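Asks: just a sequence and a predicted model for now, questions to come.
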Amino acid sequence: MFLKKVTLLRDSISSFREYPLSIPSIHSMDQIELKKSVTFFVGENGSGKSTLLEGIAEVCGFNTASGGKDHTYDVHASTSDLAEHLRLSWLPKVSNGFFLRAESFYHFATYLEEVDTTGFRKYGGESLHRQSHGEAFLSLFLHSFKEQSIFLLDEPEAALSPSRQLTLLRILHDLTKDRQAQFIIVTHSPILLGFPDADIISFDEGQITSIDYENTDHYQITKYFLNHREKFLNDIFKEDDE
């Protein structure tokens with residue numbers, strides 16, 4: 001465990017009317033305490049979870065298109081207007097880590113094509129562009145993620161099949177079992193959210209609050225759908241027919 005607190009410096013903000021400070025969950029934020037090696041951010045689309053993760057990544061000095069401190073390439077609109085109003089509290093401070101943005105990971109893979117001189121040793125020995133999207137993600141997780149680091153992952157399940165999500169759970173376990181790595185993960189995956197002894201922080205209802213796994217929409221909707229699939233679908237389609 002390295003990053004202990006994320007604080008919104010409210011006194012530095014002249015107005016909450018502009019995006020992203022106008023997002024209700026960000027507007028109401030004071031401080032988030034991080035107590036576990038794995039913390040999940042959950043919430044509806046637009047609730048502010050990815051916005052905050054990106055702000056944390058920028059304060060860490062990571063490339064907010066995807067990458068760590070040493071990955072220098074430019075992608076349009078990959079900076080966070082929130083970062084200047086955040087303070088990160090560390091114990092101890094670490095500089096190693098990686099920010100994964102699923103939607104712009106292609107740009108990271110292209111950047112590696114231009115600069116890597118090691119034969120992609122840190123990525124399984126093969127160009128990420130020569131692997132499927134999901135394989136490239138797992139190559140990064142398996143070969144590049146090390147201890148004494150913090151990893152910020154924005155919807156890593158986007159490219160992973162259910163079985164590969166289970167592989168990611170094992171990677172999380174192996175890297176955090178001695179509390180030598182820390183993960184903050186934005187996800188919609190009920191599989192990833194099932195990681196044991198993780199904190200889940202919800203950004204819904206305009207608030208940032210802790211929530212139990214069984215109380216998340218991800219768990220409840222998925223469980224109900226699997227147990228009552230025909231009724232669930234009939235109810236949805238009936239609304240359209242009406």
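Replies: Received the coordinates, thanks. Numbering: from 1, shown residues only.

Asks: can you give me the strands for the protein?
Replies: Under the criterion DSSP state E, the chain carries strands at the ranges 3-8, 31-33, 38-42, 86-90, 97-101, 149-154, 181-186, 199-202, 209-210.

Asks: can you list those strands in a markdown table and add distance to Asn234 and mean neighbour count?
Replies: Bear in mind the C-beta positions are built from the backbone N, C-alpha and C, glycine included. Compiled in a markdown table, the strands of the chain are given as follows (distance: least, Cβ to Cβ, whole Å; neighbours: other Cβ atoms under 10 Å):
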| stretch | distance to Asn234 | mean neighbour count |
| --- | --- | --- |
| strand 3-8 | 43 | 18 |
| strand 31-33 | 41 | 15 |
| strand 38-42 | 28 | 23 |
| strand 86-90 | 46 | 15 |
| strand 97-101 | 38 | 25 |
| strand 149-154 | 35 | 24 |
| strand 181-186 | 32 | 24 |
| strand 199-202 | 29 | 20 |
| strand 209-210 | 34 | 12 |
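
Asks: next, the buried residues of the lengthiest helix in the chain.
Replies: Identified as the longest helix of the chain according to DSSP state H is helix 162-176. Applying a neighbour-count criterion of 16 or more other Cβ atoms under 10 Å, one finds 164-165, 167-169, 171-172, 175-176 buried in helix 162-176.

Asks: what's that helix packed up against?
Replies: helix 133-143, strand 181-186 (3 or more Cβ pairs under 8 Å, 6 or more residues apart in numbering; DSSP states H and E).
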